[in-house]
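> sequence first, then the predicted structure:
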Amino acid sequence: MLNQQEPTVFIDNLIFPESLRWRSDKLYFSDIHAYEVVAVDLDGTRKTIIRVPGNPGGLGFLPDGRLLVASMTERKLLRLDNGMVDLVADIIPWAAAQINDILVDKTGRCYIGQFGADIWSGKTYLPADLLMVSPSGQVTQVASDIHFGNGMALTQDGKTLIIAETRIFRLTAFDVNRDGTLRNRRVWADLGSLPPDGICLDGEGNIWVAAPRGPDGGGFFRIKEGGKIDTMFQSKGYGGFSCMLGGPDRKTLFMGESKVSRPPPTTRDNGRIKMVRVSVAGSGLP
């Protein structure tokens, strides 16, 4: 569990950065309670590329590079197309409360997790379905009884999907069928009392997990299959909510941190993104 170096602040002045993604030499993320999706160059130059009044959540890119965004409270999957926002699918019939993180595979299929109940209003979460939206907008239930489906990752060969079940402290794996449906549900890692949020894979088959809290505070943890913690970067005074391996060689770990996750926070000193170099490059999706 030796830290290779100390993380540094990449950008700050954020409210609640989530769903970090790396594409075309930029880091993309949702600042959920600022209602905006942001792109940042490695030199720190940032640009708001879309505003989402329904709280932007999960992000993903179609094979042609167009951006998909989960509008959390509106329960809609949106697509940014030449500056215009199009509706891909209305998720309301399949989701009782906010939709959450998403994963877009190499064929354009989009997997969507959900809260199960409006925890932002103080309600107790309920297990919910994991959904898949086809490129044509058809919605299919691909798994049930997911305990607060959060970050997802897909292995490089596209054969295994892993989802963070935040409320039961677990990473759960599925085999992926040719049509995108899932089978062979199993525990990839039992995390004890560590609640996983955003996740990403590295080239050695380990998973970086962002956790808002833990036995010794929140942070970012490199997990081996089975649950052993290999490396960790703890966040003093912050919780870890999203992570992404990016940069030109995918060896820069970007880490989204916030002090508070539920709305409001309304101040620009609540969130930030840190960065640190690691030895193993990212792999698979997102």
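Alright, I've got the coordinates.
> can I get the CA coordinates of the helix or strand of the chain with the lowest mean pLDDT in PDB?
In the chain, no helix or strand scores lower on mean pLDDT, DSSP states H and E than strand 229-234, which sits at a mean of 92. This file holds the C-alpha atoms of strand 229-234, laid out as PDB (Å, rounded to 0.1, in the frame of the first residue of the first chain):
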ATOM      1  CA  ILE A 229      -6.300  -3.000  -1.200                       C
ATOM      2  CA  ASP A 230      -3.000  -2.600  -3.100                       C
ATOM      3  CA  THR A 231      -2.600   1.200  -3.100                       C
ATOM      4  CA  MET A 232      -4.500   4.100  -1.600                       C
ATOM      5  CA  PHE A 233      -4.600   7.900  -1.700                       C
ATOM      6  CA  GLN A 234      -6.700   9.200   1.200                       C
END
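> what pairs with it, and is each one parallel or antiparallel?
strand 219-223 (antiparallel) (DSSP bridges).
> residues in contact with the strand it pairs with: which ones?
Under the contact criterion CB atoms under 8 Å, 6 or more residues apart in numbering, strand 219-223 has outside partners 171, 189, 191, 194, 202, 206-211, 214, 229-235, 240, 243, 253, 255, 278. Every residue, glycine included, has its C-beta placed from N, CA and C.
> same check on stretch 123-142?
Residues contacting stretch 123-142 (CB under 8 Å, 6+ apart): 62, 77, 88-89, 91, 93-97, 107-117, 119, 143-149, 163, 167, 180-182.
> list the buried residues of that stretch.
Y125, L126, P127, A128, D129, L130, L131, M132, V133, S134, V139, V142 (16 or more other CB atoms under 10 Å).
> isn't G218 up against A211?
Yes. In terms of CB atoms under 8 Å, G218 counts as a neighbour of A211; the distance is 5.4 Å.
> distance between stretch 262-273 and the chain's centre?
Mean-position distance between stretch 262-273 and its chain equals 17 Å (CA atoms, centre = their mean, to the nearest Å).
> change the start of the numbering to 710 and stick with it
Taking 710 as the first residue, the last one we looked at is stretch 971-982.
> average model confidence for it?
Averaged over stretch 971-982, pLDDT sits at 86.
> and it, what's buried?
P974, N979, G980, R981, I982.
> list the contacts for the closest residue in space to the third one that isn't next to it in sequence?
Right, G980. In space, and not counting its chain neighbours, G980 is closest to L723: 3.7 Å by CB to CB, 6 or more residues apart in numbering. Counting by CB under 8 Å, 6+ apart, L723 makes contact with D740, A743, S967, R977, N979, G980, R981, I982.
> mind listing what D721 touches?
Counting by CB under 8 Å, 6+ apart, the residues that D721 touches are D978, G980, R981, I982.
> which strand residues bridge the second one?
Counting by DSSP bridges, G980 is bridged to L723, S967.
> contact partners for it?
Per CB under 8 Å, 6+ apart, neighbours of G980: D721, L723, I724, F725, P726, D740, G965, E966, S967, K968, P974.
> I'd like the distance between it and D958.
26 Å (CB to CB, to the nearest Å).
> before we move on, what about G923?
Counting by CB to CB - G923 and D958 are separated by 29 Å.
> of these two, who's got more company?
Using other CB atoms under 10 Å, the more surrounded residue of G923 and D958 is G923, with 22 against 10.
> roughly how far apart are the more buried one and F930?
G923 is 8 Å from F930, by CB to CB.
> any shared contact partners between those two?
With CB under 8 Å, 6+ apart as the test, G923 and F930 both reach L903.
> possible to save the buried residues of stretch 971-982 as CSV with distance to T782?
Shown next, in CSV, are the buried residues of stretch 971-982 (distance: CB to CB, whole Å):
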residue, distance to T782
P974, 16
N979, 19
G980, 19
R981, 24
I982, 23
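> what's the closest of those residues to Q865?
I982 (25.0 Å; CB to CB).
> from what I can see that closest one touches T961, true?
No. The pair I982 / T961 is not scored as a contact, 11.1 Å apart, by CB under 8 Å.
> quick one: low-confidence residue ranges for the protein.
Residue ranges of the chain with pLDDT under 70: 710-713, 924.
> can we see that at 90?
Applying pLDDT under 90 to the chain picks out residues 710-715, 791-792, 828-831, 833-834, 922-927, 944-946, 969-978.
> next, give phi and psi for the nearest residue to I828 once chain neighbours are set aside.
Leaving aside its chain neighbours, I828 sits nearest to Y834 (5.5 Å; criterion: CB to CB, 6+ apart). The phi/psi pair for Y834 (degrees, to the nearest 10) reads phi -60, psi 160.
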